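Q: Provided below for reference: sequence and predicted model.
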Amino acid sequence: MMAPPAVAADWLDVGPANCIGLLCMNGSKVAIVGAGGVGATIAYSALINGTAREIALFDINAAKVRAEVLDLNHGLRFTPTALVVGSDDLDICRDADVVVVTAGAKQESGETRLDLAGRNTNILGGLIPALAERSPDAVFLVVTNPVDVLTYVALHLSGFPSDRVIGSGTVLDTSRLRYLLAHRCGVDVRNVHATIAGEHGDSEFALWSNASIGTVPLNQWVTSDGEQLTRTELDDIEDRVKQSAYEIIQGKGATTYAIGLAVTGILGAILNDQHRILPVSALQQGEHGIRDVCLSMPAVMGSGGVLRSMEVQLTGEEQRKLETSAETIRRTIRSVGF
């Protein structure tokens, strides 16, 4: 029996109990755990970008996940061909190529990402082993905050090799940095090459020594008003990157759109084997003298997750900031029992 086209209006029950969607098609599968604002937005972004042939959404709230899947399916007429399914049964995540973990308590106004560590470690404790059993060959992509701590937790709970358990890290922070630099320098954001490293949080920092606009080192760039960027300006931009999430959370309750797009970019790098360089959170194994902690540094991403870490030359100040960031994350990891 042939599957109906993805734009068909008929609903068919498939997969585990309470699963809704269309008949399955061949191709890559992304499972998204958590149908809240972030999870649903990742699903939407992945759908309109044609990132995967199947997007499976899981949430313990059956009514919520059903509503999100219905809403997404009603737009299939306007997207690349895809299958969108959802369920409150974790079996919906079985045999995924990538499992995206967004489930967890959200960050409240005035709360740091590290404040979430204990609550969300407990949530992942009940999810990760079950997900690993259902998708033993998947890449796990952790988005739940504090992402560096929880990436480390997921790595140990899954038993997977370290290249297949990563966090979204500072991919979003790096996009924020490039946006601000592009605005200040009067260029397209795609011509800005700059990276936020370390923790996805208050101890993160910009790798200014490696930043450039096109082929021009940032410290040599002359703006349209004939001036070079001062260290005070750079410090202000770096601080605005750190404060961005707090401002958005205060104004609308959560960050959704940009993280949805950022995660979709990571998914594309993995599923399409793009060998794209992204600052994902990954286990450090001696790079820059840092071990046994997950944090963000540029890495080559492709099929299977992290293909290799980049060799980045750091200044003495950047090395000290990286070590401080690593210790900040490590203390929180220890505080949650890992």
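A: All right, it came through fine.
Q: Let me see the contact set for the spatially most central residue of the chain.
A: In the chain, the centroid-proximal residue (C-alpha atoms, centre = their mean) is residue 168; its distance is 2.8 Å. Taking C-beta atoms under 8 Å, 6 or more residues apart in numbering as the criterion, residue 168 is in contact with 141, 142, 143, 147, 200, 259, 262, 263, 266, 280, 281. Where C-beta positions appear, they are placed from N, C-alpha and C, glycine not excepted.
Q: and with 7 Å instead?
A: 141, 143, 147, 262, 263, 266, 280, 281 (C-beta atoms under 7 Å, 6 or more residues apart in numbering).
Q: for residue 262, same thing?
A: So residue 262 contacts 168, 171, 172, 175 (C-beta under 7 Å, 6+ apart).
Q: do the same with residue 229
A: Applying C-beta under 7 Å, 6+ apart to residue 229 gives the contacts 218, 221.
Q: ok so, going back, residue 246: which of the contacts of residue 168 is nearest?
A: Among the contacts of residue 168, residue 147 lies closest to residue 246 (C-beta to C-beta), at 15.9 Å.
Q: Verify the contact between the closest one and residue 169 for me.
A: Yes: using C-beta atoms under 7 Å, residue 147 is in contact with residue 169, at 6.4 Å.
Q: Overlap in contacts, the two.
A: 200, 281.
Q: Please measure how far the first residue of stretch 151-167 sits from its last one.
A: Start-to-end span of stretch 151-167 (C-alpha to C-alpha, to the nearest Å) is 5 Å.
Q: Counting neighbours, which bits of stretch 62-79 end up buried?
A: Residues of stretch 62-79 classed as buried by neighbour count (16 or more other C-beta atoms under 10 Å): 64, 65, 66, 68, 69, 72, 73, 76, 79.
Q: Check stretch 89-109 too.
A: For stretch 89-109, the neighbour count (16+ other C-beta under 10 Å) marks 89-90, 92-94, 96-107 as buried.
Q: what ranges of this structure fall below the confidence cut-off?
A: The model of the chain has pLDDT under 70 over residues 1-26, 109, 111, 113.
Q: And it, what are its domain boundaries?
A: 29-167, 171-335 (automatic domain parsing).
Q: most packed of these?
A: Counting by mean count of other C-beta atoms under 10 Å, domain 29-167 has the highest mean neighbour count of the domains of the chain, with a mean of 21.
Q: so where do the helices sit in the protein?
A: 37-48, 62-73, 117-134, 147-158, 171-185, 231-252, 257-271, 316-335 (DSSP state H).
Q: where's the nearest residue in space to residue 151 that is not next to it in sequence relative to residue 60, distance?
A: The shortest distance from residue 151 to any non-neighbouring residue, by C-beta to C-beta, 6 or more residues apart in numbering, is to residue 167 (3.5 Å). From residue 167 over to residue 60 the distance is 22 Å, taken as C-beta to C-beta, to the nearest Å.
Q: do residue 279 as well
A: From residue 279 to residue 60 the distance is 31 Å (C-beta to C-beta).
Q: again with residue 156
A: Separation of residue 156 from residue 60 (C-beta to C-beta) stands at 23 Å.
Q: Could you do residue 233 as well?
A: Distance of residue 233 to residue 60, computed by C-beta to C-beta: 46 Å.
Q: Same check on residue 205?
A: Residue 205 sits 37 Å away from residue 60, going by C-beta to C-beta.
Q: residues touching the closest residue to residue 123 other than its chain neighbours, list them.
A: Using C-beta to C-beta, 6+ apart and skipping residues adjacent in sequence, the residue nearest residue 123 is residue 104, 5.1 Å away. Remark: with contacts taken as C-beta under 7 Å, 6+ apart, residue 104 is in contact with 116, 120, 123, 144.
Q: Would you mind giving those residues as CSV with distance to residue 45 added?
A: Formatted as CSV, those follow (distance: C-beta to C-beta, whole Å):
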residue, distance to residue 45
116, 23
120, 22
123, 23
144, 17
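Q: Name the nearest of the residues you listed relative to residue 35.
A: residue 144 (13.3 Å).
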